[in-house]
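Chemist: Turn this into a structure:
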Amino acid sequence: MLTAARLGAAALSAALLTGLAAGPALADSPAPTADSPAPTTAAVPEGLYGKSDPTYDGVWRQSLALTALTAAKVAPADSAVGWLTGQQCEDGGWPSYRAAGAACDPKTEDSNATAVAVQALVALGGHQEAVDKGVAWLRANQNADGSWAYNPGSPGDANSTGLAVNALFAARTDPAGVAKAGRSAFDGLALFQLGCAAPADQRGAFAYQPDPAGGALTPNALASGQAALAAGGGHLPVATSVHADAAPKALTCASDATAAAAPVPHADSGEAAGAYLTAQLAANGGHLSLVTPGAEPKPDYTATAWAALSLVQSGHPQQAAGAVDWLAKEGATWTKGGTDAGATATLLLVSQAAHRDTAALTGRLTALGPAPKAAAAATSAPAEKKKDDGGIGQYWLIGVGLLVGIGGGLLLSLQRKRNPHL
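Modeler: Model prediction:
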């Protein structure tokens, strides 16, 4: 997933393992190198939500905004939808951002942008060809172990794998049937989840990636929040009516070593992740924390948002309520007063999933992009109403006439009974 400034393919692993991701997701931008210098600041194109440099998060924030607004029954402008579809490359993938007229470079296409773009287009409807091409790209760029990397050719990570699984669910493609070398998308996701071999308070968590030296898994807040949505069978927007009265079920572990070393079964994955997230949220006052070596933990808004979405998806809105309350209280800080399109869209998605009041957030997000179609439709409402009133008036007059006639007939009948000579 992306932050407002992606850090890097090489720097990415270190940044994410320490939780250094405060923006829309995990995968930050590749760090500048001699072969890939830092890009220049890009002008904000017409149709894009938000006013900040889109180089690193253009597709990400646009996809979240379109998904959230569509769920809010706002019809986005054609320019907004056209900008997103215009970013797709011929092979089906999306880069984080491609300047107008620039050629596609397969090395810059990434699974995070592709996954959220697919979910946005599914939510919008009417873009099946683009969705199918995006799913085909995800299939083609799946790793041999079943996982996905941020950029194709790199080792997989929990966040990218989770987002890819979200996109497959949205496109009604069974992740169990999307496989490489006999390893399915669910197998890939299981690579990053801590199971019975971990300490009891870490079971169910997701690591960003295994430790390169020994393969150990270390819980990561953002990886856990994001991957849990996929483990629970969900995608954006989260709109489930399932409600489990009980708290998420913690992983049940046998005593033998062989069972302890086994991956978490997919059937137990979502509940195990939910149990871990619930405990972490309760221990931290309703939010997850950003942990950087040598520094005090800081609130992680993005991780908290995805944790809330994941818990609602798994049927545990009561366990998500504290995080939703905390996000509502701290939302102005996270969204920079409603000017950060990606954060505002994510907060709106959380509020929608939790069935909270979304009017103010919808208005703020709408204001960050082109005027929606709904505004144009509203201008014709008075004329339509006048037409309808005219029709109703005609029927009303006919009805009154019938009642008068019936009433007159009854009155005449009564009079004849009283006076037979009439």
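Chemist: Low-confidence stretches in the protein?
Modeler: 1-41, 374-422 (pLDDT under 70).
Chemist: Please parse it into its domains.
Modeler: Using automatic domain parsing, the domain ranges for the chain come out as 9-379, 383-422.
Chemist: Let me know which of the ones you listed is tucked in deepest.
Modeler: Most buried of the domains of the chain by mean neighbour count (mean count of other C-beta atoms under 10 Å) is domain 9-379; its value is a mean of 20. In short, each C-beta sits where N, CA and C put it, glycine included.
Chemist: all helices of the stretch 251-400 of the chain, in order?
Modeler: With helices called from DSSP state H, counting those that start in this stretch, the stretch 251-400 of the chain shows them at 257-261, 266-283, 301-313, 317-334, 341-353, 359-367, 373-379, 381-418.
Chemist: quick check: angle from the third one to helix 266-283?
Modeler: Computed with axes from the mean of the first three to the mean of the last three C-alpha atoms, to 10 degrees, the direction of helix 301-313 lies at 130 degrees from that of helix 266-283.
Chemist: Mind giving me the packing neighbours of helix 301-313?
Modeler: Counting contacts by 3 or more C-beta pairs under 8 Å, 6 or more residues apart in numbering; DSSP states H and E, helix 301-313 is packed against helix 221-231, helix 266-283, strand 288-290, helix 317-334, helix 341-353.
Chemist: For residue 193, list each beta-bridge partner.
Modeler: Legend: beta-bridge partners of residue 193 under DSSP bridges are residue 206.
Chemist: before we move on, back to that, take the helices and strands packed on helix 301-313 and lay them out in JSON lines including distance to residue 199.
Modeler: Listed next are the helices and strands packed on helix 301-313 as JSON lines, based on distance: least, C-beta to C-beta, whole Å:
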{"stretch": "helix 221-231", "distance to residue 199": "15"}
{"stretch": "helix 266-283", "distance to residue 199": "11"}
{"stretch": "strand 288-290", "distance to residue 199": "18"}
{"stretch": "helix 317-334", "distance to residue 199": "21"}
{"stretch": "helix 341-353", "distance to residue 199": "29"}
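Chemist: To residue 76, which of these lies closest?
Modeler: Ranking the helices and strands packed on helix 301-313 by proximity to residue 76 (C-beta to C-beta) places helix 341-353 first, at 11.7 Å.
Chemist: send the alpha carbons of that closest one over as CSV?
Modeler: Backbone C-alpha positions of helix 341-353 (Å, rounded to 0.1, in the frame of the first residue of the first chain) are rendered in CSV as follows:
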residue,chain,number,x,y,z
ALA,A,341,-7.7,12.8,-0.1
GLY,A,342,-6.3,9.3,0.7
ALA,A,343,-6.8,9.7,4.4
THR,A,344,-10.2,11.3,4.1
ALA,A,345,-11.4,8.5,1.8
THR,A,346,-10.1,5.8,4.1
LEU,A,347,-11.8,7.5,7.1
LEU,A,348,-15.0,7.7,5.1
LEU,A,349,-14.8,4.0,4.2
VAL,A,350,-14.4,3.2,7.9
SER,A,351,-17.4,5.3,8.9
GLN,A,352,-19.5,3.7,6.2
ALA,A,353,-18.6,0.2,7.3
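Chemist: mind starting the numbering at 273 from now?
Modeler: In the new numbering, first residue 273, that becomes helix 613-625.
Chemist: Measure how far it is from the centre of its chain, please.
Modeler: Offset of helix 613-625 from its chain centre (C-alpha atoms, centre = their mean, to the nearest Å): 8 Å.
Chemist: how far off helix 573-585 does it point, in degrees?
Modeler: 20 degrees.
Chemist: Can you list the helices and strands that helix 613-625 packs against?
Modeler: Checking 3+ C-beta pairs under 8 Å, 6+ apart, helix 613-625 ends up next to helix 330-343, helix 573-585, helix 589-606, helix 631-639.
Chemist: With distance to residue 558 added, can I get these in a markdown table?
Modeler: As requested, the helices and strands packed on helix 613-625 are arranged in a markdown table below (distance: least, C-beta to C-beta, whole Å):
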| stretch | distance to residue 558 |
| --- | --- |
| helix 330-343 | 22 |
| helix 573-585 | 8 |
| helix 589-606 | 4 |
| helix 631-639 | 19 |
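Chemist: Surely residue 349 touches residue 643?
Modeler: Yes - contact status for residue 349 versus residue 643: in contact at 6.2 Å, counting by C-beta atoms under 8 Å.
Chemist: can you confirm residue 520 is in a strand?
Modeler: No - Residue 520: not assigned to a strand; according to DSSP: H, G, I helix; E, B strand; the rest coil it is coil.
Chemist: Contact partners for the closest residue to it other than its chain neighbours?
Modeler: Nearest residue to residue 520 in three dimensions, chain neighbours excluded: residue 546, at 3.2 Å (C-beta to C-beta, 6 or more residues apart in numbering). Contacts for residue 546 (C-beta atoms under 8 Å, 6 or more residues apart in numbering) come out as 476, 500, 504, 520, 582, 583, 586, 588, 591.
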